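[1] here is my input, please return the structure:
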Amino acid sequence: MAEAHTPREFFERILPRRFKPDKAVGVDVTVQVDIAGPNGGSWTVTIKNQKIGVKEGTHASPTLLIAMEEKDYLDVVNGKISGEKAFFSGKLRIKGDLGMALRLKEMGFL
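    Below is the predicted model:
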């Protein structure tokens, strides 16, 4: 598995290849991801009709909001810490449907 060195690299290069459309059946979600840090930023990820779209920037009314520090986010997407552990330790903040956030892991997102 390729390792991301920046959030941008993950969203642009790794996530589109890692996404598992067969795990996204019936999913219609807009996820706002806010990453704090020197290489951070905001990205909007949409999953609908078993397809994923990624755009840099914010969304006016996302279904789910995920916020993390850059280092912690890279640890999660690179498999060094689980999303669950990051959430329960306060490193991963989620606003919205927690069940959907858990499904994102199955789809290759977290």
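
[2] sketch out the low-pLDDT regions of this protein for me.
    1 (pLDDT under 70).

[3] ranges for the helices of it?
    Using DSSP state H, the helices found in the chain span residues 7-9, 15-18, 70-77, 83-88, 98-106.

[4] same for the fourth one, what does it pack against?
    Same thing as helix 83-88. Using 3 or more C-beta pairs under 8 Å, 6 or more residues apart in numbering; DSSP states H and E, the elements in contact with helix 83-88 are helix 70-77, helix 98-106. For the C-beta atoms, the positions are set from N, CA and C on the backbone; glycine is no exception.

[5] the shortest one too?
    If contacts are counted by 3+ C-beta pairs under 8 Å, 6+ apart, helix 7-9 sits against strand 41-48, helix 70-77.

[6] how does it look with 10 Å?
    Under the contact criterion of 3 or more C-beta pairs under 10 Å, 6 or more residues apart in numbering; DSSP states H and E, helix 7-9 touches strand 28-36, strand 41-48, helix 70-77.

[7] repeat that for the second one.
    Counting by 3+ C-beta pairs under 10 Å, 6+ apart, the packing neighbours recorded for helix 15-18 are strand 51-56.

[8] ok, the strand it packs on: who's next to it in the sheet?
    strand 41-48 (antiparallel) (DSSP bridges).
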